[in-house]
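Novice: Sharing a model prediction with you, sequence too.
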Amino acid sequence: MKRRIKLVLLLFALFWMVLLSRLYYLSIKSNRYYEELAMRNIIKTEYLLPARGEIRDRDGRLLAISKLGFRIALQPHLSRKKSQHKLDAAIRTILHLYPKFDYEKLLESYRKQESPYNHEPITIIPFIPYDALIGNFVTLTKERSILIEPASRRFYPYGETASHIVGYVARADREEVKEDPIARRVGITGKSGIEKYYNSLLEGELGKKMLKVTAANKPVELLQETKPVKHNITLSVDIRLQRYIAALFGTQSGALIVMDTRDGSILAAGSYPTYDINRFVQGITQKEWQAMITDLDHPFTNKFIRGLYPPGSSTKPAVALSFLDSGEISPKEQFLCSGEMELGKRKFRCWNKWGHGPTDMNKAIRESCDVYFYKGGLRVGIDTIATDLKRYGLGKKTDIDLPGEFIGTVPDRNWKIQKFGEAWYRGETLNTVIGQGNFLVTPIQIAMLTSAIATGHTPVPHFIAKIDDMNISFATATLFNAKERDALGLIRHAMYEVCNHKKGTAFKHNICAVTMAGKTGTSQVIGIPQEEKQRMSEDELQYYQKSHAWFTTFAPYEKPRYVVTAIIEHGGHGGAAAGEMVSLVYNKLVELGYIDKKYVTHPEFMAPSEQKSTTEQKER
């Protein structure tokens, strides 16, 4: 009996202990939680959206702005039976004022976004320009179901010009919305170019309002406010030069880069053909998209960072530098060029079927002798050459501030084993040293290589110059060892003769007012059959079988300041296709004041007004 009483008392005590513990938790421990919950019921947080930052060129010209306007939204939960008449009336009020919209599409847009859990207004027209809506503002707001909210739309004043640099914004997809809180609220994000690379900067920073509200959600007091922050970007690009280059290209396809050798800032970079980036802001049709991506000239591809081409002879100066560094070949050593070289059962031709005769390094670069490089390549070997070319910056990213840069390919034994599981053949060495075969580069890599040869150092190529009022600077690096730096003068002189010696491959097409140095290149699109005794001329080939034409240069030769690198797709020979174009770009740099007129050595090549001012300056 006593045992039963003790058990009952124990259970009674346990019951009261549990009850008191729960009471303590609810009254004391949970007090803070319920206080926070109560605060949420009376305090409302509103996020303030930042305006997307402007993009300007180096002189302040607007390249990307946000046009101000309005969006039209409707109250949520209007699809319910008792509210459907309100939804119908609201849409018909909008259509009466803006008949270009479609009733069914607006209704479908509303229903797609509606949810029992969504208590926010539903946007059915994301943007109407300020001038188009302000006159109808009163009429629209009379309809209680209609809400008018401020909105903006990206606009690119120069359209196609610099489209591959600036890029564009468009509606954010699910993944982007998930990862980016600002994109989730504004609905757009950068999709390409500077707009994408610096998206987090251009988006700005969200502002916030904390309001005390009534039970009916009516604000009664502003407790705290943080203004949204906007960031603007200034680029190193000169839009005047960019437009001039676009006019020079006309209907041709290819790419051209103008870069300052001192700091890597890019004054112009064009990929052609271009496209109007404004079309993507509003959304293009499937038909337009298909036409763009199936165009054989690839307007959507940013060719100066994503175009992969065999470099042709444009890399011969770098290969020659590797020869010298190896110690296997001296500058004055000559190889006999008879127009071809046999290796096994194959003949490897020189572009000059008559041959160049005894050829040293200077002559080989000046006249682009293939046989010299065939014989030198076999002596030095692919292992040394490929290692050096990679050290010079090929086969890797340049770290330019654009998304999606390709790295290209510097083929060697390891690359071939990994890719094909096959051994390397000596004939592949011959193709590689003249920039053919599996050797692939981008135009920005060739521009960087040319800059390194011109100055001995390599900066980071970039477009950004300022964030708001803060200047942005980049470090430079040295690619070459002491032996190579000592040899750079010899390589530069050979490149000088390419443009200024009567036998140089660019001499006949040089109309540059300043003294430039460079290297031409011809990048084969199709192979030449062994049974073909005489190579067909480029003029005899169909357009898409013609070789790509390279011309990479630096000037003024006396004090290298700028690199201009061009590739004309299916243009044929480098000097003939690109020589005059590159010359005119340098002349424009003089005209715009980027190159001092004291470096003008051929005023006859300048425009008439510039000829006069150059002569007057020299007389003074």
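Specialist: Looks like it came in fine.
Novice: surely L479 meets G393?
Specialist: Yes. Counting by C-beta atoms under 8 Å, G393 is a contact partner of L479 at 6.4 Å. Any C-beta I mention is one placed from the backbone N, CA and C, and that applies to glycine too.
Novice: out of the two, which sits in the busier spot?
Specialist: Per other C-beta atoms under 10 Å, whichever of L479 and G393 has more neighbours is G393, with 21 against 17.
Novice: Go ahead and measure how far stretch 428-442 is from the middle of the chain.
Specialist: 25 Å (C-alpha atoms, centre = their mean, to the nearest Å).
Novice: circling back to that earlier point, okay, and the common contacts of L479 and G393?
Specialist: The contact sets of L479 and G393 overlap at A452, T458 (C-beta atoms under 8 Å, 6 or more residues apart in numbering).
Novice: low-scoring stretches of the stretch 501-620 of the chain, by residue?
Specialist: Scanning the stretch 501-620 of the chain for pLDDT under 70 picks out 526-541, 543, 608-620.
Novice: Apply 80 and report the result again.
Specialist: For the stretch 501-620 of the chain, residues meeting the criterion pLDDT under 80 lie at 525-546, 572-574, 607-620.
Novice: which residue sits closest to E120 in space, ignoring its chain neighbours?
Specialist: Closest residue in space to E120, ignoring its immediate chain neighbours: P76 at 6.6 Å, by C-beta to C-beta, 6 or more residues apart in numbering.
Novice: what does the average pLDDT come to for whatever helix or strand A13 lives in?
Specialist: Using DSSP states H and E, A13 sits in helix 2-24. Averaging pLDDT along helix 2-24 gives 72.
Novice: Only alpha carbons, please: show it as CSV.
Specialist: Output of helix 2-24 as CSV, limited to C-alpha atoms (Å, rounded to 0.1, in the frame of the first residue of the first chain):
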residue,chain,number,x,y,z
LYS,A,2,2.8,2.4,1.0
ARG,A,3,4.6,1.6,-2.3
ARG,A,4,1.5,2.6,-4.3
ILE,A,5,1.2,5.9,-2.4
LYS,A,6,4.8,6.7,-3.2
LEU,A,7,4.3,5.9,-6.9
VAL,A,8,1.3,8.2,-7.0
LEU,A,9,3.1,11.0,-5.2
LEU,A,10,6.1,10.6,-7.6
LEU,A,11,3.8,10.8,-10.7
PHE,A,12,2.1,13.8,-9.2
ALA,A,13,5.4,15.5,-8.6
LEU,A,14,6.7,14.7,-12.1
PHE,A,15,3.4,16.1,-13.6
TRP,A,16,3.9,19.4,-11.7
MET,A,17,7.6,19.6,-12.6
VAL,A,18,6.8,19.3,-16.3
LEU,A,19,3.9,21.8,-16.0
LEU,A,20,6.1,24.3,-14.2
SER,A,21,9.0,23.8,-16.7
ARG,A,22,6.6,24.5,-19.6
LEU,A,23,5.2,27.5,-17.9
TYR,A,24,8.7,28.9,-17.3
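Novice: List of residues touching it?
Specialist: Contacts of helix 2-24 (C-beta under 8 Å, 6+ apart): none.
Novice: hey, where'd the helices end up in the stretch 351-500 of the chain?
Specialist: 361-367, 370-380, 382-391, 413-420, 426-433, 443-455, 482-500 (DSSP state H, counting those that start in this stretch).
Novice: what's near enough to touch T450?
Specialist: For T450, the contacting residues are G518, K519, T552, T553, F554, V563, T565, by C-beta under 8 Å, 6+ apart.
Novice: Leaving out the residues flanking it, which one is nearest to it?
Specialist: T552 is the one closest to T450 (C-beta to C-beta, 6+ apart), at 4.6 Å.
Novice: Compute the number of surrounding residues for the nearest residue to L308 once chain neighbours are set aside.
Specialist: The spatially closest residue to L308, leaving aside those adjacent along the chain, is L440, at 4.4 Å (C-beta to C-beta, 6+ apart). Neighbour count for L440, taken as other C-beta under 10 Å: 21.
Novice: V166 too?
Specialist: Around V166 there are 22 residues (other C-beta under 10 Å).
Novice: what sits against it?
Specialist: Counted by C-beta under 8 Å, 6+ apart, V166 has contacts I55, L63, A64, Y156, G193, I194, E195, I277.
Novice: which residues of this protein score low on pLDDT?
Specialist: For the chain, the ranges with pLDDT under 80 are 1-46, 81, 115-120, 212-222, 282-285, 525-546, 572-574, 607-620.
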